[in-house]
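1. please find the sequence and the predicted model below.
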Amino acid sequence: MTDTRRGLILINTGPGKGKTTAALGTALRAVGCGMKVLVLQFIKGSWHYGELDAAEALGSNFVLKQMGRGFVKIGGAQADAEDIRLVHAAWEEARAAIDSGAWDLVVLDEINYAISYGMLDPAVVAEALKNKPEMVHIILTGRNAHPLLVELADTVTEMREVKHAYQKGILAQRGIEY
Ligand code: ATP
Ligand code: MG
C-alpha cells in the first residue's frame, strides 16, 4: 500500500445498468472535492439527458457535452460515415482535454461502444491513456471494453444484469434512464 496521489484509469463495462450513472456519481463526488470535471458523451446526442441540466446547475467545474447523434447503425451494418466523423471529432477533443491538464477528471462516456463498433482504434486510445498527464483521472464507459484498455486500467467494474424493468416491457423512465 502506498499513499501516492496519481490519476487513475477506471472502466465501467458489462451488460447491466449503471455504467454511465456510476461515472456521473464519481463526477459529482469529484466536483464536490473542488475538482474540475469534463464529461464527453460519445455517440449520445438525440435524447435530452437529465445530467445535461444538472451539469449546468453545478457551474463551470462540471462541463458535459454530447458529441454524437444519439444512434448508430449496428449489427453487421457498416457504420455511417457521419457517425465515424463525429466519433473522431469527439476523440480529438477528448485527447486535447486530457493533455491540456485543465481537467482533474475526464469521463469518456460510451467510448467503449465506439471502439467495439470499429469506429475508433483501441491502440490509439491506449497510447493516449499511457501518456496522459500523471494527475488526470479518466473513466471510460460502455459495454465490451477492449482487452487492451482493460489491461491498462487501474479499476475495472463489470455491471451484471440481474434483471431490468425493460424486460417487463417498462420503457425508459425520466430521471432514472435519461
Ligand atoms: P445508465 O446510463 O442508466 O447508467 P448504462 O450506461 O449502464 O446505463 P448503456 O449501455 O449506456 O447503459 O445504455 C443506455 C440506456 O439503456 C440507458 O437508458 C440505460 O438505463 C438503458 N439500459 C442499460 N442497461 C440496460 C439493460 N440491461 N436493459 C435495458 N436497458 C438498459
Ligand atoms: Mg451508458
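-> Alright, I've got the coordinates. Note that the structure is predicted; figures quoted are calculated from it, not measured. Residues are numbered from 1 along each chain as shown. Ligands and ions are numbered 1, 2, ... in the order given.
2. so for the helix or strand harbouring residue 139, what gets flagged as buried?
-> Taking DSSP states H and E as the criterion, residue 139 maps to strand 137-141. Neighbour-count burial for strand 137-141, counted by 16 or more other Cβ atoms under 10 Å, picks out 137-141. The C-beta positions use only the backbone N, C-alpha and C, and glycine is treated the same way.
3. how about stretch 139-151?
-> Applying 16+ other Cβ under 10 Å to stretch 139-151 flags 139-143, 145-146, 148-149 as buried.
4. do the same with stretch 167-178
-> Applying 16+ other Cβ under 10 Å to stretch 167-178 flags residue 177 as buried.
5. that stretch and ligand 2 in contact?
-> No. Stretch 167-178 stays clear of ligand 2 (Cβ under 5 Å from the ion), getting no nearer than 9.9 Å.
6. and that stretch, end to end?
-> 17 Å (Cα to Cα, to the nearest Å).
7. could you find the closest non-adjacent residue to residue 6?
-> residue 134 (5.6 Å; Cβ to Cβ, 6 or more residues apart in numbering).
8. per-residue pLDDT, the one you found?
-> Looking at residue 134, its pLDDT is 96.
9. count of neighbours near it?
-> 8 (other Cβ atoms under 10 Å).
10. likewise residue 49?
-> Neighbour number of residue 49 under other Cβ under 10 Å is 20.
11. next: the one 4 residues further on.
-> The local packing count at residue 53 equals 11, with neighbours defined by other Cβ under 10 Å.
12. is it true that the residue nearest to residue 6 touches residue 8?
-> No. With contact defined as Cβ atoms under 8 Å, residue 134 does not count as touching residue 8 (10.8 Å).
13. show me what stretch 30-40 is in contact with.
-> 23-24, 27, 51, 55, 58, 61-65, 67, 90, 93-94, 97, 102-109, 137 (Cβ atoms under 8 Å, 6 or more residues apart in numbering).
14. what residues does this structure put near ligand 2?
-> 19-20.
15. from the contacts of stretch 30-40, which land in strands?
-> 62-65, 105-109, 137 (DSSP state E).
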